[in-house]
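*Asks:* Structural data only, the sequence is not supplied:
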């Protein structure tokens, strides 16, 4: 009667299979992230408010539709972690510097006495009014964040199934 049991297991095929699967996942992550980012991009462009006339904020004129045209979707090439696919979706802050005033609201000066200007600024009556917020970034995430995650999962699953069927 034997007093020991010997089991042999060759893991080379399992390791090779896992390595192929890992490579497939790496190649499918970016299209999945793009699918979610596209959904959020389209929703944000739909929600961003567009005025009927140009806005003047702090002596700068912002034409109507500038904020909408500044919404972007950008892939961030991560050197530290190349297995990660990151997309930024939001307003271009250089192109439309007033994005936060629209998102959060702001005080607007409605009337000044432009005739009485001194070194320290304007002298005379200054009337301010609160311009209420017209949020579009947070409602985009609240409305479509879950759907974007589901879209990414579905795209990843479909791409992996497609790759598995091709091999």
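*Replies:* Received, thanks. Keep in mind that what you see is a predicted model, and the values were worked out from it rather than measured.
*Asks:* Flag every buried residue along the longest helix belonging to the chain.
*Replies:* Counting residues, the longest helix found in the chain (DSSP state H) is helix 12-47. Buried residues in helix 12-47, defined by neighbour count with 16 or more other C-beta atoms under 10 Å: 24, 28-29, 32-41, 43-45, 47. Just so you know, the C-beta spots here come from the backbone N, C-alpha and C atoms, and that holds for glycine as well.
*Asks:* for stretch 52-62, same thing?
*Replies:* 55, 62.
*Asks:* This structure: strands as residue ranges?
*Replies:* Per DSSP state E, the chain carries strands over the ranges 55-57, 60-62, 71-76, 86-91, 106-111, 117-118, 121-122, 127-131.
*Asks:* Could you list every helix and strand in contact with the third one?
*Replies:* Which is strand 71-76. When contacts are defined as 3 or more C-beta pairs under 8 Å, 6 or more residues apart in numbering; DSSP states H and E, strand 71-76 sits against helix 12-47, strand 86-91.
*Asks:* and the last one, which strands flank it?
*Replies:* Next to strand 86-91 in the sheet, as set by DSSP bridges, lie strand 71-76 (antiparallel).
*Asks:* Can you tell me which helix or strand of this structure has the lowest average pLDDT?
*Replies:* The helix or strand of the chain with the poorest confidence is strand 117-118; it has a mean of 58 (mean pLDDT, DSSP states H and E).
*Asks:* Contacts only, for residue 70.
*Replies:* Neighbouring residues of residue 70 by C-beta atoms under 8 Å, 6 or more residues apart in numbering: 91-92, 95-96, 99.
*Asks:* Pick the one among those closest to residue 78.
*Replies:* Using C-beta to C-beta, residue 92 comes nearest to residue 78 of those, at 20.5 Å.
*Asks:* gap between that closest one and residue 85?
*Replies:* Per C-beta to C-beta, to the nearest Å, residue 92 is found 21 Å from residue 85.
*Asks:* Need the pLDDT of the most centrally placed residue in the chain.
*Replies:* The C-alpha lying nearest the average C-alpha coordinate of the chain belongs to residue 89 (C-alpha atoms, centre = their mean; 2.2 Å). Model confidence at residue 89, given as pLDDT, is 95.
*Asks:* before we move on, what about residue 132?
*Replies:* pLDDT, residue 132: 93.
*Asks:* quick one: pLDDT of the nearest residue to residue 78 once chain neighbours are set aside?
*Replies:* In space, and not counting its chain neighbours, residue 78 is closest to residue 84: 5.1 Å by C-beta to C-beta, 6 or more residues apart in numbering. In this model, residue 84 is scored at 86, pLDDT.
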